[in-house]
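[1] Sequence plus predicted model, see below.
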Amino acid sequence: MSDVSQPRNSYLDAPYGLASWLLTKDHKRIAMLYLISITIFFAIGGLFAAGIRLELLTPQGDLWTSDLYNKLFTLHGVVMIFFFLVPSIPATLGNFLMPIMIGAKDLAFPRINLISWYLYIIGATVTLAAVFTGGLDTGWTFYTPYSSVSSQTAVTTAAIGVFITGFSSILTGLNFIVTTHRMRAPGMTWFRLPLFVWSNYATSLVMILGTPVIAITVLLVAAERALGLGFFDPARGGDPVLFQHLFWFYSHPAVYIMILPGMGVISELVAAMARKQVFGYSFVAFSSLAIAILGFLVWGHHLFVSSQSIYAGLVFSIITMLVAIPSAVKTFNWTATLYRGSISWQSPTWWVVGFMGLFTIGGLTGVFLGTLGLNIHLTDTYFVVAHFHYIMVGGAIMAYMGGLHFWWPKMTGRMFSDAGSKTSAVLVFVGFNLTFFPQFVLGFMGMPRRYHAYPDEWQVLNVLSSCGAGVLALGYALPLVYLTYSLFRGAAAPANPWGAKGLEWTIPSPPTTYNFEAEVRVDEPAYNYKSTREVHVG
Amino acid sequence: MQGTVSAHDGGHDAHAHNPNLQHHFYSMEQQLEASTLGMWLFLVTEVMFFGGMFLAYLIYRVIYPEAWILGSNHLNVAMGALNTGVLICSSLTMALAVRAAQTSNRGAQIRYLLLTMAFGSVFLIVKYFEYAEKFEHHLVPGRHFDMTLPQAGQQQLFFSIYFMMTGIHAIHMIVGLGLMLVILTMAWRGRFSASYYTPIEMSGLYWHFVDIVWIFLFPLLYLLGAHYSAH
Amino acid sequence: MKLPFPLLPPNASTVATEVDILYWFITAISAFFVVLVAALVVIFTIKYRRRHEDEVGADIHGSLVAELTWTFIPLVLSLLMFFWGADLAFRLARPPVDAMEIFVVGKQWMWKIQHPDGTREINQMHVPAGRNIRLTMGSEDVIHDYSIPAFRVKMDVVPGKLTTLWFNATTPGTYHLFCAEYCGTNHSGMIGEVIVMEPQAYEAWLSGATGGPAVPPAQAGEQLFAANACATCHSGQPGAIGPNLGGLAGAAVTLTDGRTVVADDNYLRESIMVPLAKVVAGYQPVMPPFQGLLSEEQVMQLLAYIKSLKPAGPAAH
Amino acid sequence: MSQHAPVTPVSTYVNIFVALLVLTGLTYVVATFDFGLLNTPIALAVAILKAALVIVYFMGVRYNTPLTKVVVISGFCWLLIMFGLTLNDYLTRAWIGVAGR
Ligand code: HEA
Ligand code: HEA
Ligand code: CUA
Ligand SMILES: [Cu+2]
């Protein structure tokens, strides 16, 4: 980032040197640190995925041993969930944008923000240590008694890694909540907040209320393995299903940690790309809270065939239906926002369109699974695998990529290749559907998940899926190329390249260390495009 | 757009020169409110953290009521009660230490902090003796557990939960003592006064929280079987 | 049209069609919404594409009527799915009373099956078509899951308790049997087949099957009852150390702490493995625990024996 | 407990302290009697009361903003959600009378 026109005092080069980055308390730099780390973990997780899909090209388990295969999908799940998707949007875009969007100079606790990154790195290192000292083969769900008694792999180490990373997540959530409550600029009332802030706020609630429970849960497993204590051990009368309750008490809400920030990004992007007030602002805002709260009441839908009481199943099933409603409300509001908008065909829109289709499919197949009688046939099959990839890869990552492109000029001060981004969006969309749609069909036919070998008659669909994964990988590798390129050769970005509304677009790209030179006072609602003409592009 | 950038006071002037005001806050008021909220949120995460263990306790107690009573009968109620008293004393001295900061009384701060730490240490020492006793009686789950006890398996569950909960509580006490050491040095240097005492106040919240956990652990673990032994 | 590879699972049980109807119903609703959303998004992006650089969208803020509409319609539809699915689930959960009972034991990594006449097999389950069949399942180590996609049924097999699954196979043929809960290294090898036969063929198969002398589970249970000296305490005589087990299965039992529980399979299992967990009122807690001494299969046989006892007890047998 | 909150008199702290000690003694004594099913509710009620005293007085919640109060209360609500919905499973397991359902 040597040449031209960046403001000399941008946060990127205010203090120089590696130490100034590793000890920074600037939320924007920490966001960049996170960006780099999660990209690495995405690539690692993707590498494991490639291993999975290669094995599944043939029905016989002939490429890897079954042990290795089990480690591959376990580590794929663990890395993608705990080290990529959970921190992805909040810790990068959220970290960068939350303070700016509300007119603050930083998050409430800058030092804690840095600590949270270090915890993430330590947790990740410990987990990687587990990978190299025996791996991990429990599935990302760590089900007991397999994890606590039976598995021969480095479960204890991995559990401690996840435990530590949990605190990183807790601290980020805590920081965001306090920031939203206490750091808003004068005039930035709750109903003037950008919807991205609302959704990150809701996410943070889930983080601080749920994450401690997964922390203690994996700690109990580690203690059971390492210290000989017994919590879930059937030989001592322990109930393995209790572990599942504890695990899903966090891990269901955690799926909303993964999607809510994405929903926030989509709200921002829809408004900016259509230059229009988000349809039903308060419904979209409150639906985030509704998802966060109701999301805590449905975890039992992962236990429908686990020998949980069927009456508990009833309760969890009906609340699962209810939690789908706020997502429906959001989907329709985004669609309605496009109506009579002025829709740009620049690349962020392409990611948004992809998100809308894939998220809807992913969400609706969740409703299949939440239906009590149907879940019995579909659970633990590839139908579930397809469901969650549709939401997490098709939904959350699509949103993340859209957001990353949209705010890239602000974060780096550089414009990227719009054509590159569009190509990548199309590749991802096509590759994604090719990879995961056949899995719905496989799932309905009964192909169990976590299978290293499968009956011959399912090969065609599996090959399709593996080919799709190749296209998908290309789609994800491409941005790596042109975004990196843009850092060195990209045109300098103006303060407001999209002609969008929002405090972040009023300051230079990239911003200065404390974001705003003077105090900010807000006097209009978010997405106030109607009186716009004279304002944009400063 | 919204960024009508203006010079706005926001209480800026009143505290502008307080050396304890961090750059990204506008006022001491805002800084204090942020810390308080942050601390309480942190305590909520602690509630959920211990909550996971309380859930395990609750469920197994529902399934194995008898084993729970048997297990609880092995605990030393007198020591548990003593420790409850000790912790309550430490909470009082902690509250008084914060009060001493509010009234800018450096000597009292130091005195009360030292007392708090003393009580905390007594708690840990008593705990040590309790643990030692459990080791001796083969009540530590695992290979050496006394399998001749009735419902030995289920009692192991009870003791697993007992050791996990009290163990993590004890770790919190140790962390608390470390925290107190930091606060003590700060108090020593006269950092706290009526105009700024956030760190001591926040540490106090933490200390009281750890006390509250024990307030629940004591009846749930120790007193459960007391009326049986009294017969 | 016949594809060289299947896209749908075989349909071979009475509930399969019911499950499929619900599946296609939800698929139809989902397809409707996916198409609706996708079409609107595409149409809007094209129709309202930005014409010149300074253009902004129309100043529309929202509409309460619209919000209520698209809250209410999905709500009604999803509640419909819920009730339908719940009703189906209860039918899948409650085995008919006349069902024939087969025992299944899962262990890393095989399925052991025992028929009512004592015939055993491994990783294969022969069943007669047109009969209600109830599986009582236990696990020797970790959690497994007994899954037969062609029947649309599946149930976890959990260590430390017994679980139940039932079906009524309609079409003779051979179907996949999977372990659907991850259970370690050879999870994907813990597979087998379910062979549905005409009832006569099934009877013939039973009598021709090898695998050792077939002792019916209840009879094996009786032997175990004697071998483990259960009868010394459970003689059924008045004044015996332990309660009379005759007629116990399914009856209500009062415990020392005043609670009343129903003596279902898991209660009986627990009474044998961990007797002191629930002590029957009027008795001393003296029964020794058999956890670790009896295998899941033996417990199932003991249960079969206990269930076969007339109220008068073992003596009258 | 904002900067301008009134300083609590020492007597209040001491009173609360005494109350806590008395309540501890009370649970101890009460536990030696058998109230049957009421044993646990009584012990818990006393513990909750003690915790409430600590939270309200020692931790000074009464001088805090409504937001802090909401935070405190919601923490315990979430605990109840976790307990409640898990118990919802365990307490209804035998209802249907089919093992494992
Ligand atoms: C980001 C992650 C994410 C998200 C957001 C969701 C969202 C949802 N999930 Fe998913 N889920 C996972 C990730 C996620 N899930 C993962 C990882 C697993 C597997 C874990 C494992 O076992 O490894 C899983 C598993 C899973 C199961 C258990 C399957 C099993 O193992 O048996 C269930 C069951 O109910 C379920 C349901 C739902 C529902 C109802 C939603 C809802 O929130 C979806 C709501 C959205 C919509 C409904 C779409 C938009 C609405 C409309 C267009 C209007 C029309 C709507 C109606 C008519 C209802 N999910
Ligand atoms: C965020 C979560 C996330 C993401 C992004 C993905 C992404 C992918 N997942 Fe995965 N997946 C899970 C979460 C996720 N998954 C979880 C939780 C499980 C369950 C685990 C369990 O059962 O315990 C699972 C399981 C799972 C299975 C089932 C395994 C089994 O049950 O046996 C399969 C099979 O196809 C699969 C495939 C894929 C594929 C093809 C991708 C692709 O989208 C990946 C594409 C990405 C890349 C290929 C990398 C990106 C490329 C670059 C950045 C280029 C640069 C790289 C280099 C130069 C090295 N995943
Ligand atoms: Cu047994 Cu999987
Ligand atoms: Cu879920």
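    Yes, it's here. Ligands and ions are numbered 1, 2, ... in the order given.
[2] mind checking how far the residue nearest the centre of chain D is from chain B?
    Residue closest to the average C-alpha location in chain D (C-alpha atoms, centre = their mean): D:I48, at 2.6 Å. The spacing between D:I48 and chain B, counted by C-beta to the nearest C-beta, to the nearest Å, is 8 Å. Backbone N, C-alpha and C define where each C-beta goes, glycine included.
[3] And what about that residue, helix, strand or coil?
    Put simply, D:I48 is helix when judged by DSSP: H, G, I helix; E, B strand; the rest coil.
[4] OK, contacts around it?
    Shown in contact with D:I48 (C-beta atoms under 8 Å, 6 or more residues apart in numbering or on different chains): no residues.
[5] separation between it and D:G75?
    14 Å (C-beta to C-beta, to the nearest Å).
[6] Give me the helices and strands touching the helix or strand harbouring B:R99, please.
    Counting by DSSP states H and E, the element that carries B:R99 is helix B:77-102. When contacts are defined as 3 or more C-beta pairs under 8 Å, 6 or more residues apart in numbering or on different chains; DSSP states H and E, helix B:77-102 packs onto helix B:106-136, helix B:198-217, helix D:10-31.
[7] redo that, cut-off 10 Å
    Helix B:77-102 sits against helix B:106-136, helix B:152-188, helix B:198-217, helix B:226-230, helix D:10-31, helix D:39-53, with contacts defined as 3 or more C-beta pairs under 10 Å, 6 or more residues apart in numbering or on different chains; DSSP states H and E.
[8] Could you list the buried residues of the longest one?
    Spelled out, that is helix B:152-188. B:152-166, B:168-170, B:172-173, B:176-177, B:179-180, B:183-184, B:186-187 (16 or more other C-beta atoms under 10 Å in any protein chain shown).
[9] Tally up the residues packed near C:P6, please.
    15 (other C-beta atoms under 10 Å in any protein chain shown).
[10] which non-adjacent residue is nearest it?
    Using C-beta to C-beta, 6 or more residues apart in numbering or on different chains and skipping the chain neighbours, the partner closest in space to C:P6 is A:E457 (5.6 Å).
[11] Quick check: phi and psi on the one you found?
    Dihedral angles of A:E457 (phi, psi; degrees, to the nearest 10) stand at phi -70, psi -10.
[12] what about A:N9, neighbour count?
    Neighbours of A:N9 (other C-beta under 10 Å): 13.
[13] so what's it scoring on pLDDT?
    We have a pLDDT of 77 for A:N9.
[14] who touches it in this structure?
    A:N9 sits next to A:P508, A:P511, A:T512, A:T513, A:Y514 when contact means C-beta atoms under 10 Å, 6 or more residues apart in numbering or on different chains.
[15] The first one in helix, strand or coil?
    Just to be clear, that refers to A:P508. Applying three-state DSSP: A:P508 is coil.
[16] Name the residues that touch stretch B:132-142?
    Contact with stretch B:132-142 is made by A:223-224, A:227-231, A:233, A:236, B:71, B:74-76, B:79, B:131, B:144-149, B:152-153, B:155-164, B:166, as judged by C-beta under 10 Å, 6+ apart.
[17] close to ligand 1, is the helix or strand hosting A:K422?
    Using DSSP H and E, A:K422 sits within helix A:418-445. No: taking C-beta under 6 Å from any ligand atom as the criterion, helix A:418-445 and ligand 1 are apart, separated by no less than 10.3 Å.
[18] So what's the residue count around A:I397?
    As a burial measure, A:I397 scores 27 neighbours (other C-beta under 10 Å).
[19] One more: A:R275?
    Using other C-beta under 10 Å: A:R275 sits among 25 other residues.
[20] so what's the backbone phi/psi at it?
    Per degrees, to the nearest 10, the backbone of A:R275 is at phi 40, psi 60.
[21] Contacts only, for it.
    Counting by C-beta under 10 Å, 6+ apart, A:R275 has contacts A:341-344, A:498-501, A:527, A:529-530, A:532, A:536, C:50, C:54-58.
[22] where does it land on pLDDT?
    So A:R275 comes in at 93 (pLDDT).
[23] Using the three-state scheme, assign the residue in the stretch 51-200 of chain C positioned nearest to ligand 1.
    Relative to ligand 1, the nearest point of the stretch 51-200 of chain C is C:P74 (3.7 Å; C-beta to the nearest ligand atom). Put simply, C:P74 is helix when judged by three-state DSSP.
[24] Which residue, other than its chain neighbours, is closest to A:Y454?
    A:P59 (5.4 Å).
[25] show me the contacts for the one you found.
    Shown in contact with A:P59 (C-beta under 10 Å, 6+ apart): A:Y451, A:A453, A:Y454, A:P455, A:D456, A:E457, A:W458, A:Q459, A:N462.
[26] Check A:W198 too.
    A:180, A:190-191, A:260, A:263-264, A:267, A:281-282, A:284-289, A:526.
[27] and chain B, which of these contact it?
    The subset of the contacts of A:W198 within reach of chain B, by C-beta under 10 Å from any C-beta of the partner chain, is A:A526.
[28] just the buried members of the contacts of A:W198?
    Among the contacts of A:W198, the ones that count as buried by 16+ other C-beta under 10 Å are A:T180, A:L260, A:M263, A:G264, A:S267, A:Y281, A:V284, A:A285, A:S287, A:S288, A:L289, A:A526.
[29] quick check, the second one in a helix?
    This means A:L260. Yes: assigned with three-state DSSP, A:L260 falls within a helix.
[30] Check the spacing between the residue of chain A found nearest ligand 2 and A:I391 real quick.
    Using C-beta to the nearest ligand atom, the closest approach of chain A to ligand 2 is made by A:G46 at 1.9 Å. Computed as C-beta to C-beta, the A:G46 to A:I391 distance reads 18 Å.
[31] close to chain C, is the longest helix along chain D?
    With secondary structure taken from DSSP state H, chain D has its longest helix at helix D:66-90. No: judged by C-beta under 10 Å from any C-beta, helix D:66-90 stays clear of chain C, getting no closer than 12.3 Å.
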